[in-house]
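Enquirer: Next input, structure requested:
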Amino acid sequence: MPIAYASRTESFSSAHRLNAPTLSVEENTALYGKCNGTNFHGHNYKITVTVRGPVDPVTGMVINLVDLKRIMRVTVVDACDHKNIDLDVPYFKEVPSTSENIAVYAWLEIEKLIEAPVTLYEVRIDETEKNSATYRGE
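Expert: Below is the predicted model of the structure:
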């Protein structure tokens, strides 16, 4: 069977504050600048999830994208949309809510619901039109 990649993009809007709990106030301010403001700030994130697997000879699909959409919604979008990531998502209580860490968080949650022979290949978080982070499980 041929191996292919299938991707789905969803969006969510969240507030956060870039702040590393292991750094001092001064270090956080110097590192993150205005993104460390105590009143938080928000983004309209895009998340793109890519899976890898054999193309089913009957359906012609690696995964039904309706299923991937549902997985993305129940694991990440519903948990983060119109929320303060730092306050409402337990993973970020001790982890800075950078785009890189949001991608890792999404991977960990989504991977739990991806069924073999399909595998999670990549999670990409677009924080803005110009800033993004990609995680491939490494």
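
Enquirer: Strands along this structure, start to end?
Expert: 3-16, 41-54, 83-84, 119-126, 132-135 (DSSP state E).

Enquirer: what are the pairing partners of the shortest one, and which direction each?
Expert: It refers to strand 83-84. Strand 83-84 has the following strand partners under DSSP bridges: strand 3-16 (parallel).

Enquirer: rewinding a little: could you dump the strands of the chain into a markdown table with mean neighbour count and distance to residue 106 added?
Expert: C-beta: built from backbone N, CA, C; applies to glycine. Formatted as a markdown table, the strands of the chain follow (neighbours: other C-beta atoms under 10 Å; distance: least, C-beta to C-beta, whole Å):
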| stretch | mean neighbour count | distance to residue 106 |
| --- | --- | --- |
| strand 3-16 | 16 | 10 |
| strand 41-54 | 18 | 6 |
| strand 83-84 | 16 | 14 |
| strand 119-126 | 20 | 5 |
| strand 132-135 | 16 | 8 |
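
Enquirer: could the ones you listed be laid out in CSV, adding mean pLDDT and distance to residue 76?
Expert: As requested, those are exported to CSV (pLDDT from 0 to 100; distance: least, C-beta to C-beta, whole Å):
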stretch, mean pLDDT, distance to residue 76
strand 3-16, 98, 7
strand 41-54, 98, 6
strand 83-84, 98, 11
strand 119-126, 98, 9
strand 132-135, 98, 12
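
Enquirer: Figure out which of those is closest to residue 96.
Expert: In terms of C-beta to C-beta, the element of these nearest to residue 96 is strand 3-16, at 8.9 Å.
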